[in-house]
Each structure stands twice: as structure tokens, then as C-alpha cells.
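>>> Okay, predicted coordinates and the sequence, questions at the end:
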Amino acid sequence: TTLLYTIKFEHRMSEWDSWVDFVLGHTANHYYENAPPDNAGTWHIHIGGHDGSCYAKSAGFDHVFETSEIEKMSRTVNGEETDIFSAPPKGFSIVKNVPATSDFNVLTGKSKAAPSRQLYVARCTSTLVVALVDITNCNRGVEGIALSAVVHGITEGINAGI
């Protein structure tokens, strides 16, 4: 007797996928509530460890950061001295490390190839969140709104226990 097994592999939503959806939802909703309609933004979220590992990311997160780049961003946003401003992640310029709240900072950057793509990095208690947003008609005003949205999304995530 021969037994044949068919194994079907499916993507199962992990706890981290739920956190990506949670942070993405709060961040994007805050942005859409405050940004002008002609400055639409498309948000992408990556959640991982302080060591540069990736736990989960949104489906549209298309940039591949090296583990060492993510680890360096994590150390920088935590206030450690690094060479990130002179040796940023490939394809990006790092603009500044913003003290967002008393609990965390947000590292900000821009894509060198697509100036409408913004980079925001925040370190939570046990995770690192990397957000990419593609903004239509990007300008300094909406960059500030996007930063505010990231702060809101991260704050909601911390309050919920991320």
C-alpha cells in the first residue's frame, strides 16, 4: 500500500503580523486624518529586533535593508554614537534623530532615488519599527505630518504592549 500526502503551505498570520497591522493602521489613519488630500501617502511597516532581525513586515515593504544597517539605525535612534549620517543605509540619506516623546526618538531619512519616499525608525522596548512612506507631492509640511503619524502609531503600539 502506498500513501500519498499532499501538503499545502499557507502563510499563517503570526503575532508579529498582527502588530504590523496594528502599528500600520494607527500610523496611516493618523496621517490620512491630518494630511491634505493632494499629499496621499502609502505606508509600509517592518517590525524586528534591535539586532537587525525582521519579525514581520507589511506586504508592500519593498526595500531590503542589510541586517547591519537596521542594527545601526537601532543604535542611533537609541542615542548611541554611530557613523549613520556619513554612512547611511544604502539608497537613503539620514536627516536627523528627533526626540519624539520622553519614551522614544524617531530617526528620519529620505530615499536618494525617490525623494517622495520617507524613512522613519523608532525603537520600542523590545522591538524596532521601520516605516517607509511614499508621499504624493512631498514637502516639509507633510513630512512633519508623517513624523507625527509615526509618533502616534508607535505610541499606540507601546501602550498596547509591543
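Yes, it's here. Residues are numbered from 1 along each chain as shown.
>>> I figured Tyr31 was touching Trp43, is that so?
Yes. Counting by C-beta atoms under 8 Å, Trp43 is a contact partner of Tyr31 at 7.1 Å. Glycine gets a C-beta too; all of them are placed from N, C-alpha and C.
>>> Doesn't Gly52 belong to a helix?
No. Remark: Gly52 does not belong to a helix; assigned using DSSP: H, G, I helix; E, B strand; the rest coil, it is coil.
>>> per-residue pLDDT, it?
Looking at Gly52, its pLDDT reads 90.
>>> doesn't Ser68 make contact with it?
Yes. Contact criterion C-beta under 8 Å: Gly52 and Ser68 qualify, at 6.4 Å.
>>> quick one, helices of this structure?
Taking DSSP state H to define them, one finds helices in the chain at 15-34, 67-77, 140-160.
>>> got any residues that touch both of Tyr31 and Trp43?
Val133 (C-beta atoms under 8 Å, 6 or more residues apart in numbering).
>>> Gly52 and Ser68: which has the busier surroundings?
More crowded of Gly52 and Ser68, by other C-beta atoms under 10 Å: Gly52, with 18 against 11.
>>> Tell me the spacing between the closest residue to Ile158 other than its chain neighbours and Ala160.
Leaving aside its sequence neighbours, Ile158 sits nearest to Cys124 (C-beta to C-beta, 6 or more residues apart in numbering; 5.6 Å). Distance, Cys124 to Ala160, by C-beta to C-beta, to the nearest Å: 10 Å.
>>> Neighbour count: these two, which is higher?
Between Cys124 and Ala160, counting by other C-beta under 10 Å, Cys124 is the more crowded of the two (19 against 11).
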